[in-house]
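Peer 1: Here's my sequence, what's the structure:
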Amino acid sequence: MKRVRTPTRLSVALLSAGFLLFLGWPWLTARGGIHCQAMSMALFHGCLALAWNICSMMGAVSLGHTAFFGLGAYGSALLCHYGHLNPFLTIPLGGILGAFYGVLWHIAFGKLRGAPFALASLASVEIPKVIIDNWESFTFGSLGVVGIPPLSPIRVGSFMLDFGENPVHLYHLFLVGTLFLCLLYRQALRSRWGWAVRTIREDETAAASLGVNVRRTRLQVFICSAFLTGICGGVYAHLMGLVEPALVFSLHISALPLVLSIFGGRFQWYGPLLGAVVLYPLDQVVFRSLFPVGHSALYGFVVILTLMLFPQGMGAWLQKRLHLASS
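Peer 2: Here you go, the predicted structure:
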């Protein structure tokens, strides 16, 4: 009994310490300084990586999630520009636009697997990008949409949460959103639906023989992943204050979630978030200062090194070490 309880207690202690560290991060660093902003964006990219990893858990490695990201960004930006709506309303609507494109993905190449699927997903990015780039009367073309309002402040009694002006408030908004998404993600993977998704990854024929509706489950995965990625795109638009095709439909946005998930562990629910909170601040604070021009190239080196030393990711390696240390 002791061997069963000890890892559990150790895990709870580590999770509690990690939560307190993240909660107090703005006060441990300069409030609103570069370290606070870097961790805010790390949490944001952690959510983006979790959204991407939903497809990965099914065995579908996508290189085209920037399509959902860009559609979510443009959907929210244009609704704010023309409709003058609250960003907290336009962001989910942008996510729905991304989810609609996810349905089109399923219809167009839902039967593809492996490398053909990855290449088809990459090619699909060009469709919305070219349309937006050339529909100048509505989307402003390559000039992009400027003057996008920041996230609206929220009043709680006499206290005002101003996400556009106060970096600490924005950090805690991202922290709450990330925790909520992680809990939802963990529960989904432990549910019957999560079991079906993982079974499809291992063997579709066996999954179908066990009663899994493979086609419907794949559609649900695409919709969930595209919707969450679209929401991330909408949030990004209001953080930046502008969107343009080259910015939100870039290959970098497709590649970064893949890198973070591989580093943290694609098959652990916390893997993408672990990769984000380790790699992204390291890149922004350390790599960028040492290599101002080529710091992004280090991501490729990190992926190669991780695949060589930790094929299952850092999350799986740390989990194994913790079990060994507590046994």
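Peer 1: can you give me the offset of the longest helix anywhere in the chain from its chain's centre?
Peer 2: Longest helix in the chain, counting residues (DSSP state H): helix 214-240. Taking the mean of its C-alpha atoms, helix 214-240 sits 9 Å from the chain's own mean (Cα atoms, centre = their mean, to the nearest Å).
Peer 1: heads up, I number from 214, so please use that
Peer 2: Yep, numbering from 214; the last one is helix 427-453 now.
Peer 1: pLDDT averaged over that helix - what is it?
Peer 2: Averaged over helix 427-453, pLDDT sits at 96.
Peer 1: Can you name the residues that contact residue 451?
Peer 2: 289, 293, 300, 304, 361-364 (Cβ atoms under 8 Å, 6 or more residues apart in numbering). The C-beta positions use only the backbone N, C-alpha and C, and glycine is treated the same way.
Peer 1: Then residue 347?
Peer 2: Residues counted as contacts of residue 347 (Cβ under 8 Å, 6+ apart) are residue 354.
Peer 1: hmm, back to that, make a markdown table from the contacts of residue 451 and add neighbour count to it.
Peer 2: As requested, the contacts of residue 451 are exported to a markdown table (neighbours: other Cβ atoms under 10 Å):
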| residue | neighbour count |
| --- | --- |
| 289 | 32 |
| 293 | 23 |
| 300 | 22 |
| 304 | 26 |
| 361 | 22 |
| 362 | 17 |
| 363 | 15 |
| 364 | 19 |
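Peer 1: Show me which of those residues is closest to residue 509.
Peer 2: Top of the list for closeness to residue 509, among those and by Cβ to Cβ, is residue 361 at 25.0 Å.
Peer 1: host element of the closest one?
Peer 2: Using DSSP states H and E, residue 361 sits in no helix or strand.
Peer 1: what does residue 394 give?
Peer 2: helix 380-403.
Peer 1: I'd like the average pLDDT over that helix.
Peer 2: 90.
Peer 1: buried stuff in it?
Peer 2: 380-388, 390-391, 394-395, 398, 402 (16 or more other Cβ atoms under 10 Å).
Peer 1: how about the strands in the stretch 414-540 of the chain?
Peer 2: 455-456 (DSSP state E, counting those that start in this stretch).
Peer 1: which stretches of it aren't confidently modelled?
Peer 2: 508, 535-540 (pLDDT under 70).
Peer 1: Where do the helices of it begin and end?
Peer 2: Assigned by DSSP state H, counting those that start in this stretch, the stretch 414-540 of the chain shows helices spanning 417-422, 427-453, 458-461, 464-477, 484-494, 501-503, 510-522, 527-539.
Peer 1: Fine by me, thanks again.
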